[in-house]
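# just need the structure, nothing else, for what follows:
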Amino acid sequence: MARSQFRMFRSVVPGIEAVAADSNQSFARHTHEQFGIGLVSSGAQKSLSGRGMVEAGAGDIITVNPNEVHDGSPIGEGRSWRILYFDPEMIAANVSEITEGRRSAVEISHPVLHDKAIAARFEVAFALVTSAAEHRLRLEEVLLELVARVVVEVVPNEGQVGPQSIRTAQDMIDCDPTAAISLSDLARASRLSRFQVLRGFAKATGMTPHAYLVQRRIHLARHLIAGGAPLAEAAVASGFVDQSHMTRVFVRKYGVSPRAYANAVA
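Numbers count the residues shown, from 1 in each chain. Below you'll find the model as predicted:
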């Protein structure tokens, strides 16, 4: 029995479309105007791309270039996948930034990638693109890293950035960890590109800017709770969306709930 279910999600990022599909149908040759980066969730498929005939199974990253003629047929009973479509102008701008202006015209080299780290990064990117926009810093980080790894093929920890510039970005977070800071804000303050901030910050501190921001917020929450602040007030005052968000981070960082911590220090 033929099935072909497609769902288009509301994207919080202009220039990106998010689609999920579950289908056992074969699709005729066609093109897209955008770059596509996707992940096969289950099953397998074979397709003719501009880069040859390829096969992809569950856990594989699949890609397509703008106006690249391709098709797709299931291997077995069907397959499901999720994919992000990027406007070419967005990819070109990111590539130019990542390569410090050395490249802007670009083509994704590999139609299929067998890389668990990239697959995990895609999972986070898709979730953030299709959810609320409050995780702006994390979203910028993940999308930039996804483009760097899939399109530019930059390896982790590549490049050097001066420590003083990164210290400027770090100070910006330290001054007000409750502020809604974006990667672009940190880049402007430190006079670096977003990609330079992302890679340099991780090298200097061992954390991405978003992870560092969350760590500063949970430290602040812990001090507020120790001082007797109600949990809901401590969550808002330390920059979290709500108490449940603070609780998830608190347990992950300290191994106990905020309530248990409050009772222990009361």
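# surely Ile37 meets Arg82?
No - under the criterion of CB atoms under 8 Å, Ile37 makes no contact with Arg82, lying 10.0 Å away. No exception for glycine: its C-beta is placed from N, CA and C like everyone else's.
# can I get stretch 139-153 as PDB, trimmed to CA atoms?
Extracted C-alpha coordinates of stretch 139-153, given in PDB (Å, rounded to 0.1, in the frame of the first residue of the first chain):
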ATOM      1  CA  LEU A 139      20.500  27.900  17.500                       C
ATOM      2  CA  GLU A 140      23.100  30.200  15.900                       C
ATOM      3  CA  GLU A 141      25.900  27.900  17.200                       C
ATOM      4  CA  VAL A 142      24.400  24.700  15.900                       C
ATOM      5  CA  LEU A 143      23.400  26.000  12.500                       C
ATOM      6  CA  LEU A 144      26.900  27.500  12.000                       C
ATOM      7  CA  GLU A 145      28.600  24.300  13.100                       C
ATOM      8  CA  LEU A 146      26.300  22.300  10.800                       C
ATOM      9  CA  VAL A 147      27.200  24.400   7.800                       C
ATOM     10  CA  ALA A 148      30.900  24.300   8.700                       C
ATOM     11  CA  ARG A 149      30.900  20.500   8.900                       C
ATOM     12  CA  VAL A 150      28.700  19.600   6.000                       C
ATOM     13  CA  VAL A 151      29.300  22.400   3.500                       C
ATOM     14  CA  VAL A 152      32.800  23.700   4.200                       C
ATOM     15  CA  GLU A 153      34.000  20.500   5.800                       C
END
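# how far does it sit from the chain's center?
Its chain's C-alpha centre and that of stretch 139-153 lie 8 Å apart, by CA atoms, centre = their mean, to the nearest Å.
# next: stretch 222-234.
The gap between where stretch 222-234 is centred and where its chain is centred comes out at 31 Å by CA atoms, centre = their mean.
# hmm, who's touching it?
221, 237-238, 242-243, 246-247, 250, 254, 258-259, 261-262, 265-266 (CB atoms under 8 Å, 6 or more residues apart in numbering).
# what is the lowest-pLDDT residue among the residues you listed?
On pLDDT alone, Ala266 ranks lowest of the contacts of stretch 222-234, at 74.
# for that residue, which non-adjacent residue is closest in space?
Gly228 (7.8 Å; CB to CB, 6 or more residues apart in numbering).
# could you pull out the strands for the chain?
4-9, 16-23, 27-30, 35-49, 52-57, 61-64, 70-86, 112-113 (DSSP state E).
# the third one pairs with which strands, and in what direction?
In the sheet containing strand 27-30, its partner strands are strand 70-86 (antiparallel), by DSSP bridges.
# got the angle between the partner strand and strand 16-23?
140 degrees (axes from the mean of the first three to the mean of the last three CA atoms, to 10 degrees).
# and strand 70-86, how far out from the chain middle?
Centroid displacement of strand 70-86 relative to its chain, using CA atoms, centre = their mean, is 21 Å.
# and what of stretch 115-127?
7 Å.
# burial measure for the closest residue to His70 other than its chain neighbours, as a count.
If the residues on either side of it in the chain are set aside, His70 comes closest to Ser49, at 4.7 Å by CB to CB, 6+ apart. The local packing of Ser49 (other CB atoms under 10 Å) involves 19 other residues.
# what distance do you get for Ser49 to Ile61?
Separation of Ser49 from Ile61 (CB to CB, to the nearest Å): 13 Å.
# for Arg191, give its distance to Glu145.
Applying CB to CB to Arg191 and Glu145 gives a distance of 21 Å.
# cool, and Ala127?
14 Å.
# kindly report the same for His32.
In this view, His32 and Glu145 are 23 Å apart by CB to CB.
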